[in-house]
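Novice: I'd like to go over a predicted model; first the sequence, then the structure.
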Amino acid sequence: MAGGLVALLDDVAALVKVTAASLDDIALGAAKASTKSLGVVIDDAAVTPQYVKGLSPKRELPIIWKIAVGSIRNKLLIILPLALILSQFAPWALTPILMLGGAYLVFEGAEKLLEAMGVIKHHSPGGKEGERDEKAIIGSAVRTDLVLSAEIMVISLNEVSHEPFLNRALILLVIAVLMTVVVYGAVGLIVKMDDIGLHMAQKTSTLSQKVGRGLVKAMPIVMSILSKVGVVAMLWVGGHLILVGMDELGWHAPYGFVHHMELLVHDATGSAGAVLGWLTNTAFSCVAGFLIGCVIAVVVVGINKLRAKH
């Protein structure tokens with residue numbers, strides 16, 4: 001009896017060791033994959049604040065919370081199952097899907113720039129401020145998040161493609177939750193920073209008052225910059241998705257040119273080459289995204305005019 005108990009305890013100990021090792025593998029895989037997708041995470045954090053710009057401060061956090069809930073649904077109910085199924089049975093389909101997402105991003109970014117330049121009429125994602133407007137804002141933000149989240153998950157999937165299916169699924173699950181918390185936690189902090197500054201400005205400490213007033217003055221500028229960075233991020237990420245997709249599908253010339261220019265700058269600028277080369281790639285991707293987005297925007301405007309006539 002004692003021998004049987006000892007054997008059982010040995011089996012339990014062995015199982016615990018295997019489970020711990022597996023959890024370590026999942027944590028390591030999640031950390032590695034998350035690092036690779038960090039650039040898109042930053043873009044996601046830059047894009048989202050524009051959706052609450054100009055709204056009542058009381059509505060900012062509730063809207064961000066609803067966007068975050070939509071984001072986690074995107075990742076867990078759409079992207080994660082679809083990515084795992086396609087990677088297992090039809091890996092060739094991931095590239096066209098990402099290209100379609102890229103087309104949506106460049107359309108959104110180009111439309112905003114064309115509206116700002118007065119080329120096309122401005123339209124907000126809703127009418128008067130209220131429930132209908134809030135739903136439209138959230139819907140637009142969640143659709144954009146779907147594309148950015150898809151790229152995060154696909155980049156992460158590529159990094160752990162050698163893992164067994166179950167490990168792959170658990171790693172992507174960890175990344176989905178982690179990235180949502182990081183992105184929308186940061187966005188919530190950014191949009192409420194002026195309120196934090198106002199609270200600090202009311203303290204008795206002179207230093208606290210100075211810092212608080214500084215935050216209150218700085219945050220409108222920061223939000224304005226972030227909204228512009230968000231538009232650029234849409235064009236860059238979307239343009240990059242389309243160019244890389246073209247390359248993977250056999251049309252090598254467009255991305256080949258961009259990559260060639262990146263290498264030229266990288267090799268010509270010494271120690272700053274890595275950063276400047278990346279900026280070159282980003283700039284060309286952004287321009288390509290804007291041009292493609294303009295074509296899509298013109299087509300969409302034309303279709304809307306035709307529909308309005310009928």
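Specialist: Perfect, I can see it now. Residues are numbered from 1 along each chain as shown.
Novice: Report the contact partners of Leu241.
Specialist: By C-beta atoms under 8 Å, 6 or more residues apart in numbering, the contact list for Leu241 reads Leu98, Met99, Gly101, Gly102, Leu105, Glu151. All C-beta spots, glycine's among them, are computed from the backbone N, C-alpha and C.
Novice: pLDDT, distance to Val237 and neighbour count for the residues you listed - can I get that in TSV?
Specialist: Formatted as TSV, the contacts of Leu241 follow (pLDDT from 0 to 100; distance: C-beta to C-beta, whole Å; neighbours: other C-beta atoms under 10 Å):
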residue	pLDDT	distance to Val237	neighbour count
Leu98	83	10	22
Met99	88	12	18
Gly101	82	9	24
Gly102	86	7	28
Leu105	84	6	28
Glu151	76	7	24
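Novice: Inside helices: which ones of those?
Specialist: Leu98, Met99, Gly101, Gly102, Leu105, Glu151 (DSSP state H).
Novice: So the second one versus Met179, what's the distance?
Specialist: Looking back up the chat, that one is Met99. Taking C-beta to C-beta, to the nearest Å as the measure, Met99 and Met179 are separated by 22 Å.
Novice: now swap in the fourth one and tell me
Specialist: When distances are taken as C-beta to C-beta, Gly102 and Met179 turn out to be 19 Å apart.
Novice: And Leu105, by the same measure?
Specialist: In terms of C-beta to C-beta, Leu105 sits 17 Å off from Met179.
Novice: what does Ala110 give?
Specialist: Taken as C-beta to C-beta, the span from Ala110 to Met179 is 26 Å.
Novice: residue ranges with poor pLDDT in the chain?
Specialist: The model of the chain has pLDDT under 70 over residues 1-48, 50, 53-54, 122-132, 310.
Novice: How far away from the center of its chain is the helix ranked longest in it?
Specialist: The longest helix of the chain (DSSP H) is helix 206-248. On the basis of C-alpha atoms, centre = their mean, to the nearest Å, helix 206-248 sits 12 Å off its chain's mean C-alpha point.
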